[in-house]
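*Asks:* any chance you can model this:
(2 chains)
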Amino acid sequence: MEEVDNIIIHTLRQIGCNLNESVLSLKEFTTDNVIEATSTCLRVINDANQFSRTLPPSMSARFRLGTGLAQACQELGFNGVIGYQTFLYPTEGDIRTLFMFLVERLPKESAEAADEPMGGAILLNRRIASELSKILAGTWIPPFCKRSGICWSGKDGKTWHREGVKGVHPFRSSPLKYPKGLGDLTRKISKDAKQYYDSSAMPLITSQPPSRHNISDSILEANSLKVSSDMEWENEWNHSGLASGLTPEEYKAKKQERLLKKLSKNIQAEVQKANVESSRLNKQDFNEMIREISEQNVSAGHEHVGSRFTRSEKLQFTQDEEKELAAVAAMTENAGAKIDTEEEIQARRKEEIDAMQGRLTELTSRLEGLEIDMRKFTATVEQAQEQTEFLQRKNKEEEDAYKVRKRTADLLPDASNNIAKLETVVESSSTRLITLAKQWEEHRKPLIEQYREMKALNSTRLSEAQKKIEQIRNLREKMKETVEEVRNRDDLLKDLVTEYQNMVKDVNRSAYTKRILEIVANIKKQKNDIDKV
Amino acid sequence: MDINHDAQEGLQLCGESVRIPEKSFKKLVEITFDIILGKKDETSFDASNTLDSVNPGTLKEAYYGLVTLVIEAVKTDSSLTDISSYLEECKWDSDRIEYLNKVFSGTRPDIQALLSSTRTVFPHIVDVDWRLDYYVKNKYLDKVNKPTYLISLKTEESNKNGYSDVEFSCSMEQLQDLVGKLKDACKSLEKASQM
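*Replies:* Numbers count the residues shown, from 1 in each chain, chains lettered A, B, ... in the order given. Have a look, this model is predicted:
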């Protein structure tokens, strides 16, 4: 019975009973122990069973608690004799049968949970817990005794934890440059690139970040950036790249072209939209300016009512012009009379400017008229050229017709003879045609056959290629799956190993096996007895 | 541990004894770890004669691969067996793997501590000053007679030397409440550590 007691006490301790270390068998159980163990068991089996775990002082309360416990046990299906006296005045045999029953009824969830592999979350929690307990166990160190906020501890001084915020800096990364493709001898690297890699112009990656703190940040960022972009490319290649039947470089070039086209289209559309809008805006906002500009250069103003850029350019230009004019005026002014007052000079300048402006507009309008004339003339010249061409063509046609007619007219006098001659000519030409057709047919046949063969071959090859591509894709998928599986298995193995290490090597194992053996022996005995009967 | 193809290529270069002879390799590993830990700077590459035989471009790429491997391995807390199997894939021979593992296991905590310094943090309380004032009376009341605590928390900030103050005053009940909360926090921390 000792093993049974061991198992029961072990189980009771596991579910949280406060049993004294010295308690080794059920014989030593006091009333308190029995009450506590029973109520705990009942609570674990069913949460609704809320009995007091301690023995109440008053006799009636004790009686009520005992009856309640007994009733709960009976409800669970306990067959033996049970009442308040079982708990208040326990005998060893009674409570043994009772506890054996209760222990069997305990939910097996905890056992099942142990069988399942522990998830990453549990492991993480455990690690957090162990780290916390380690830190809690450590001694406090004043902040000025810590090198950049880190406490080193452990026997070899190799475990650490962070305390405080000294030496902490936020994540800040910078782009890194590094040589590529030197390991692959089959791939050609341009001479310039190689020279650049070898020269001191390319720094080592750790000297590239602006601050020493940010070396690791930059490297981590560069790595994850590259990894994710590689993954993206792999995905795309598997999805659409393989099916296109192009080499990776071709595929990339094609994609680039497509994207550029799309981009330029979008930009053009946006620019047009912006132009329309800006012209509207400009009309409202810079009405004055427009008038000025249209005065300056009417034709140009008509041609591009558009972009702000051209407008500002024009504005600048006219301003420059004005400045120049003013300078010229000032010079003449200076040469003439220096005694004039400022205002007079200004007035005169203005007049001169106006006159000049007037002349300028006149000239531009004349120029414009001339341009229009010129355009007209070129148009008429073109028209005339077209006409002459047409006439020349007509002339040629008519000449041909005339020649034919002349020949027929020449043949007319000796009509019958000529007709016969003509007929022979026609006949000979028709026979020649027929022979030619035959010859052509002869040549054509093998060629057509060859063509058909080639076509068939090509189609089979295409389908084969498609099949191969399909195969490749399948293989890749399989590869990925297997890799995933391997990784999962690895994780599982790791989890299990840590779990195994963390597991309490149960002392009770021998007890259990002994009990099992006992039961087996009992069964054998019973069987023998039954056989005898 | 995910390492990009470029860095992997660098690591392969690092494992080729034709490109990087044994002696240079050891020196390279040594310098790499010293630079990561900030014990040396990049000039030690020029100072070392053993690395002269290596083509500078190759050296840069190998160095890039090595630095990425070390930092990534520390970040993901990869085990030595993981690293070894990865390096075997990169065609390293067992001597080199062993040497790297030896150096790596010796410096891992230091690099971990280094990486742990990348973070954003709240100010950290390191000390406290307090004063107990007794509030006797004011213009309206002749008798107030209440204690007032003036608390000044000294905090440490990452980008500052010395300490800053967080000051507040509170009544006795408020202080008791605060102390209770702190005790709760301690208790839950203890509970969390006993999982």
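
*Asks:* residues contacting the residue at minimal distance from the centre of chain B?
*Replies:* Of all residues in chain B, the one closest to the mean position by Cα atoms, centre = their mean is B:S116, 2.3 Å from it. By Cβ atoms under 8 Å, 6 or more residues apart in numbering or on different chains, the contact set of B:S116 is A:150, A:162. Any C-beta I mention is one placed from the backbone N, CA and C, and that applies to glycine too.

*Asks:* next, give phi and psi for it.
*Replies:* phi -70, psi -10 (degrees, to the nearest 10).

*Asks:* equivalent analysis for B:V126, please.
*Replies:* Dihedral angles for B:V126 - degrees, to the nearest 10 - are phi -120, psi -20.

*Asks:* what of A:V23?
*Replies:* phi -70, psi 120.

*Asks:* which residues sit in contact with the nearest residue to A:K166 once chain neighbours are set aside?
*Replies:* Distances taken as Cβ to Cβ, 6 or more residues apart in numbering or on different chains place A:G149 nearest to A:K166, at 3.8 Å, with adjacent residues excluded. Taking Cβ under 8 Å, 6+ apart, we find A:G149 in contact with A:143, A:162-168, B:117, B:156.

*Asks:* just to revisit the earlier point, quick one: pLDDT of the residue nearest to the centre of chain B?
*Replies:* On the pLDDT scale, B:S116 is placed at 87.

*Asks:* now it: how far from B:I71?
*Replies:* Here the criterion is Cβ to Cβ, to the nearest Å. By it, B:S116 lies 13 Å from B:I71.

*Asks:* go on, A:E441?
*Replies:* On the measure of Cβ to Cβ, A:E441 and B:I71 end up 78 Å apart.

*Asks:* higher neighbour count, these two?
*Replies:* Of the pair A:E441 and B:I71, B:I71 is the one with more neighbours under other Cβ atoms under 10 Å in any protein chain shown, namely 21 against 9.

*Asks:* that one against B:I36, yeah?
*Replies:* Yes: counting by Cβ atoms under 8 Å, B:I36 is a contact partner of B:I71 at 7.0 Å.

*Asks:* quick one: the strands in the stretch 1-150 of chain A, in order.
*Replies:* Secondary structure of the stretch 1-150 of chain A (DSSP state E, counting those that start in this stretch): strands at A:150-153.

*Asks:* again, but for chain B
*Replies:* B:124-135, B:146-156, B:163-171 (DSSP state E).

*Asks:* mean neighbour count and mean pLDDT added to the ones you listed, as JSON lines?
*Replies:* Below are these laid out as JSON lines (neighbours: other Cβ atoms under 10 Å in any protein chain shown; pLDDT from 0 to 100):
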{"stretch": "strand B:124-135", "mean neighbour count": "12", "mean pLDDT": "91"}
{"stretch": "strand B:146-156", "mean neighbour count": "16", "mean pLDDT": "91"}
{"stretch": "strand B:163-171", "mean neighbour count": "12", "mean pLDDT": "91"}
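
*Asks:* for A:E250, see how far away the residue nearest to the spatial centre of chain A is.
*Replies:* The C-alpha lying nearest the average C-alpha coordinate of chain A belongs to A:E232 (Cα atoms, centre = their mean; 6.2 Å). With the distance defined as Cβ to Cβ, A:E232 ends up 19 Å from A:E250.

*Asks:* please parse chain B into its domains.
*Replies:* Annotated domains of chain B cover B:5-118, B:120-172 [the TED database].

*Asks:* confidence-wise, which of those is weakest overall?
*Replies:* Across the domains of chain B, domain B:5-118 gives the lowest mean pLDDT, at a mean of 86.

*Asks:* so how far is it off the chain centroid?
*Replies:* 19 Å (Cα atoms, centre = their mean, to the nearest Å).

*Asks:* that one: end-to-end distance?
*Replies:* End-to-end distance for domain B:5-118: 26 Å, by Cα to Cα, to the nearest Å.

*Asks:* setting aside sequence neighbours, what's the nearest residue to the residue of the stretch 201-350 of chain A found nearest chain B?
*Replies:* Using Cβ to the nearest Cβ, the single residue of the stretch 201-350 of chain A nearest to chain B is A:K226, 3.4 Å away. Excluding the flanking residues, the one nearest A:K226 by Cβ to Cβ, 6+ apart is B:N4, at 3.4 Å.

*Asks:* quickly find the element holding A:G167.
*Replies:* Using DSSP states H and E, A:G167 is not contained in any helix or strand.

*Asks:* state the distance from it to A:I469.
*Replies:* Going from A:G167 to A:I469 by Cβ to Cβ gives 55 Å.

*Asks:* ok, the two, which is more surrounded?
*Replies:* A:G167 (17 against 14).

*Asks:* picking up where we left off before, how many residues are close by the residue of the stretch 201-350 of chain A closest to chain B?
*Replies:* By other Cβ under 10 Å, neighbour count at A:K226 equals 17.

*Asks:* mind listing residues that contact the helix or strand where it lies?
*Replies:* A:K226 belongs to helix A:215-236 when elements are defined using DSSP H and E. For helix A:215-236, contacts defined as Cβ under 8 Å, 6+ apart pick out A:171-176, A:205-206, A:208-209, B:2-7, B:36, B:67-68, B:71-72, B:75, B:114-115, B:118.

*Asks:* please check those and keep the buried ones.
*Replies:* For these, a burial check counting by 16 or more other Cβ atoms under 10 Å in any protein chain shown picks out A:173, A:176, A:205-206, A:208-209, B:3-4, B:6-7, B:36, B:67-68, B:71-72, B:75, B:114-115, B:118.

*Asks:* ok, what's across the strand from B:E156?
*Replies:* Judged by DSSP bridges, the bridge partners of B:E156 are B:H124, B:Y163.

*Asks:* check which element follows the helix or strand that contains A:T482 along the chain.
*Replies:* Element membership of A:T482 [criterion: DSSP H and E] is helix A:415-502. Moving toward the C-terminus from helix A:415-502, the next helix or strand (DSSP H and E) is helix A:509-532.

*Asks:* could you say what helices and strands that following helix packs with?
*Replies:* Applying 3 or more Cβ pairs under 8 Å, 6 or more residues apart in numbering or on different chains; DSSP states H and E, one finds that helix A:509-532 contacts helix A:2-14.

*Asks:* does the helix it packs on reach chain B?
*Replies:* No: Helix A:2-14 does not reach chain B (Cβ under 8 Å from any Cβ of the partner chain); its nearest approach is 15.9 Å.

*Asks:* what comes up buried for that helix?
*Replies:* For helix A:2-14, using 16+ other Cβ under 10 Å, the buried residues are A:3-12.

*Asks:* ok, back up a step: format the strands of chain B as JSON lines; extra columns: distance to B:K60.
*Replies:* Supplementary listing: those in JSON lines, determined by distance: least, Cβ to Cβ, whole Å:
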{"stretch": "strand B:124-135", "distance to B:K60": "39"}
{"stretch": "strand B:146-156", "distance to B:K60": "39"}
{"stretch": "strand B:163-171", "distance to B:K60": "44"}
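
*Asks:* where along chain B do the helices fall?
*Replies:* Listed from the start of the chain, chain B has helices (DSSP state H) covering B:5-15, B:22-36, B:43-47, B:56-75, B:80-89, B:94-116, B:172-193.

*Asks:* counting by contacts, list what the fifth one packs against.
*Replies:* Taking 3+ Cβ pairs under 8 Å, 6+ apart as contact, the helices and strands that helix B:80-89 lies on are helix B:56-75, helix B:94-116.

*Asks:* what about residue 104, neighbour count?
*Replies:* Because you didn't say which chain, this covers chain A. 9.

*Asks:* to clarify, I was referring to chain B.
*Replies:* Neighbours of B:F104 using other Cβ under 10 Å come to 19.

*Asks:* and if you look at A:R126?
*Replies:* Around A:R126 there are 15 residues (other Cβ under 10 Å).

*Asks:* which residues touch it?
*Replies:* So A:R126 contacts A:502, B:195 (Cβ under 8 Å, 6+ apart).

*Asks:* now the helix or strand containing A:F390: average pLDDT?
*Replies:* Take DSSP H and E as the rule and A:F390 turns out to sit in helix A:342-411. Mean pLDDT, helix A:342-411: 93.
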